[in-house]
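Asker: how would this look folded up:
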Amino acid sequence: MLLHRHSDLRINKLSIGAENAPLLVIDNLVSDPDRLVRKAARSHFVEQASMFPGIRARAPLSYEYFLQETLNPLLAECFAMEPGRFVYPMCHYSLVTLPPEKLSFLQRIPHVDSTRSDGLATVHYLFQGNWGGTAFYRHRRTGFEYVDEQRRNSYFRCLEQESRHSEVTGEGYIDEDTALFERLAHVDGVFNRMVVYRRNSLHSGRIDNARIPPADPLTGRLSINTFIDVVR
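Answerer: Presented below is the predicted three-dimensional model:
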C-alpha cells in the first residue's frame, strides 16, 4: 500500500520539562489514515513478550518508507541529528488490552525504550474517541527526565529500591503525578496525530483505568508504535 502525506500536515516543535528533551507533534500525518485502520483490522495481533500491556501486529513495510521520507527533513532542526537511512527495531500496530489489576510494577510507572540518546520513538494514533495519549515524567528521587547510559545504573538501582514498596505507585496505569513521578507534559491522542520523542525520555501511555479499550482495531486504542535508529 502506498502512503502519502496529508495536504494539511501540521508540525509543532516542543520540549519536555527542565531538561528540554525534544518533542515533535505532527497532525494530519497521512492522507488516508482509514486505510491503515482497515489494514490493521485484517492483521493478526499477538501478545507480547515485552512489557507492552497488550497485543501487536506488524505494520506495513510501506509505512517505514513513508516515515523515512517524512521525518528525515526534520531531524536536524528538531533532534540535532543528521539525516540518514532509517532502521526500525520495531514498527507495529499496537492495541492496549491489559486490565489494570494485572499490571506489574514496571507497567505501572513510566519507562524508557532505550538509553541511547540518538534513538527515536513514534506513536501514530489511529483511534477515534477518547482513549488517551502519551505523557512524559520526571523521577522525583533522582530528578531524571531521561535515562541515558551515564544515568542508567543509578536510576535502576533507585527504582529497584522503590519497587520494594510498590504501594507508592498506586494501582493501575499511571497518568497524573504520583509519589515517585511528576508528570511534565502530555499529548492528547488525536486521530492521525503522531508524537516523536527520544527513546530515553521517561514516558507512558495514558490509559483510563475505569475503561480498558477492547482488543479490536476498529474500536480499540489502535496506534502504530515505531523505534527508529538513523544510519549515516
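Asker: Now do the strands for the protein: every range, in order, please.
Answerer: For the chain, the strands defined by DSSP state E occupy 10-16, 21-27, 46-47, 54-58, 85-96, 120-125, 134-139, 181-187, 194-198, 203-205, 222-231.
Asker: how about the closest residue to residue 154 other than its chain neighbours, what does it touch?
Answerer: Nearest residue to residue 154, sequence neighbours excluded (C-beta to C-beta, 6 or more residues apart in numbering): residue 142, at 6.7 Å. For glycine as for every other residue, the C-beta is placed from the backbone atoms N, C-alpha and C. When contacts are counted by C-beta atoms under 8 Å, 6 or more residues apart in numbering, residue 142 touches 151, 154, 155, 158.
Asker: and the closest residue to the first one other than its chain neighbours, what is it in contact with?
Answerer: Which is residue 151. Taking C-beta to C-beta, 6+ apart, and ignoring the residues beside it in sequence, residue 151 has residue 144 as its nearest neighbour in space, at 5.6 Å. With C-beta under 8 Å, 6+ apart as the criterion, the residues that contact residue 144 are 138, 151, 155, 202.
Asker: Could you report the pLDDT at residue 144?
Answerer: Residue 144 is assigned a pLDDT of 98 by the prediction.
Asker: any idea how far it lies from residue 185?
Answerer: 15 Å (C-beta to C-beta, to the nearest Å).
Asker: now do residue 65
Answerer: For residue 65, the distance to residue 185 under the criterion C-beta to C-beta works out to 30 Å.
Asker: more neighbours, those two?
Answerer: Comparing residue 65 with residue 185 by neighbour count (other C-beta atoms under 10 Å), the higher total belongs to residue 185, at 18 against 13.
Asker: show me what contacts residue 132?
Answerer: Residues 175, 189, 205, 206, 207, 208, 221 are the ones in contact with residue 132 under the rule C-beta under 8 Å, 6+ apart.
Asker: Could you tell me how many residues sit around the residue nearest to the first one when sequence neighbours are not counted?
Answerer: This means residue 175. Taking C-beta to C-beta, 6+ apart as the measure, residue 175 lies nearest to residue 206, with 5.3 Å between them; neighbours along the chain are not counted. With neighbours defined by other C-beta under 10 Å, the count for residue 206 comes to 21.
Asker: these two touch, right, residue 206 and residue 136?
Answerer: No: in terms of C-beta atoms under 8 Å, residue 206 does not count as a neighbour of residue 136; the distance is 10.6 Å.
Asker: Overlap of the contact sets of the two?
Answerer: Here residue 206 and residue 136 share the contacting residues residue 186, scored by C-beta under 8 Å, 6+ apart.
Asker: Counting residues, which helix of this protein comes out longest?
Answerer: In terms of residue count, the longest helix belonging to the chain (DSSP state H) is helix 149-163.
Asker: Which positions within that helix qualify as buried?
Answerer: By 16 or more other C-beta atoms under 10 Å, the buried positions in helix 149-163 come out as 151, 155, 159, 162, 163.
Asker: Counting by contacts, list what it packs against.
Answerer: Helix 149-163 makes packing contacts with strand 134-139 when contacts are defined by 3 or more C-beta pairs under 8 Å, 6 or more residues apart in numbering; DSSP states H and E.
Asker: No further questions, thank you.
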